[in-house]
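Novice: give me coordinates for this.
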Amino acid sequence: MENSTLTYNGGMRPTLARCTALALSALLAALVLLGCGASTSAPAPDFIAESPPTSVPVIAPPPAALASAQADLLDQLDDDTSTATSLDSTTNDAPPSEVVAVDPTTGFPTYPLPDGNPPPLGPGAFATGFRNPLPASPVWNPPGRKRIGLQAGHWLTDQTPPELARLSPGTSAGGWAEWQVNLMIAQKTAEILEAAGYDIDLLPTTIPVRYRAQAFVAIHADGDISGALHGFKITRPGFSSIPAADDQFVSDLNAAYGAATGLPRDDPHISLRMTYYYAFNTRRYQHAIDLGTPAAIIETGFLTNAGDRSFLTNHPEVAAQGLADGIQRFLNRELGSGR
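Specialist: Just a heads-up that it's a prediction; the model follows:
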């Protein structure tokens, strides 16, 4: 989650400063009466300790009205943080006819590569069908060993190309940066799947240009300023060219991850930033999955919840087993087999 800051104007007149101080005092007093505290999400650490703490005192939940407002701030995963309301106002109409190329090495459909210099996101971008699904495609499943892409969300975000320059560093809490937890779970998942005979790509924030695999999972941990929200959630690309296959992938992941971890599902907080995740946005970015790639994004738990954080950091192998089980369950269905 990104923290916003306000610039202080040192040239304010004294009267305005006194008025501001009085207003702030009144606001703080009102919050105390409501039982509200400051944000429980810790700032990202300047350095990474060898053994970060895994628990902090549990903060009492805020009033329902404040919790509802806080829910709007969830999952500011990536890209411009001003886009949530603009996305809400768009429609997901059937896309106009789009030209799809053919990969000369595989004979499989591929989406034309954008120029790598996407325009800034804003109301104008969403008026042009931002959320339209991609052209329908077969499921990518060529013969041979199956390839799985596991993206550790926010890992190496400081090494992105210009087209991804505005991505968020992720949330943090209890001495842990989100990328650390994501990478730990991704590595454990990779170990399990490699032992089962799969080819694994352990991917950072920047995935390969027009990436393809039999399954791609973006692994994240959630953030919530109240510290009260708890559980996991999984969704598929809103842009999907293979919606039926992606729906099955999400179903298999939900069943396996929930069974392995015992965590509750937090589907009501699946956000547009998950559904329209940048690595799913094949039209806008070069570094995104190509047509036909089964894909999902998971928030493995809330890093800002003491219980979830303790589980994710002390037992990443359990979360990894749930992910690996769900991926294998999906791949065993052999959707698109023979292409």
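
Novice: use CA for all of it now, contacts and neighbours both
Specialist: Will do.

Novice: which residues sit in contact with Asn281?
Specialist: Contacts of Asn281 were listed using CA atoms under 8 Å, 6 or more residues apart in numbering, and they are 239, 288-289.

Novice: got a markdown table for the residues you listed, with secondary structure and neighbour count too?
Specialist: Compiled in a markdown table, the contacts of Asn281 are given as follows (DSSP: H, G, I helix; E, B strand; the rest coil; neighbours: other CA atoms under 10 Å):
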| residue | secondary structure | neighbour count |
| --- | --- | --- |
| Phe239 | coil | 22 |
| Ala288 | coil | 22 |
| Ile289 | strand | 25 |
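
Novice: now, among the residues you listed, which is nearest to Leu303?
Specialist: Among the contacts of Asn281, Ala288 lies closest to Leu303 (CA to CA), at 25.9 Å.

Novice: ok, and the closest non-adjacent residue to that closest one?
Specialist: Computed as CA to CA, 6 or more residues apart in numbering, the closest residue to Ala288 that is not its neighbour in sequence is Ala279, at 4.3 Å.

Novice: likewise for Thr160?
Specialist: Ranked by CA to CA, 6+ apart and with sequence neighbours excluded, the top spatial neighbour of Thr160 is Thr206, at 5.9 Å.

Novice: pretty sure that neighbour sits against Asp158.
Specialist: No - Thr206 is not in contact with Asp158 according to CA atoms under 8 Å; the separation is 9.9 Å.

Novice: of those two, who's got more company?
Specialist: Using other CA atoms under 10 Å, the more surrounded residue of Thr206 and Asp158 is Thr206, with 22 against 15.

Novice: read off the pLDDT value for the more buried one.
Specialist: Listed pLDDT for Thr206 reads 98.

Novice: any idea how far it is from Gly149?
Specialist: In this structure, Thr206 and Gly149 are 12 Å apart, going by CA to CA, to the nearest Å.

Novice: show me what the helix or strand hosting Leu323 is packed up against.
Specialist: Secondary structure from DSSP states H and E places Leu323 in helix 316-331. Packed against helix 316-331, as judged by 3 or more CA pairs under 8 Å, 6 or more residues apart in numbering; DSSP states H and E, are the following elements: helix 178-195, helix 243-261.
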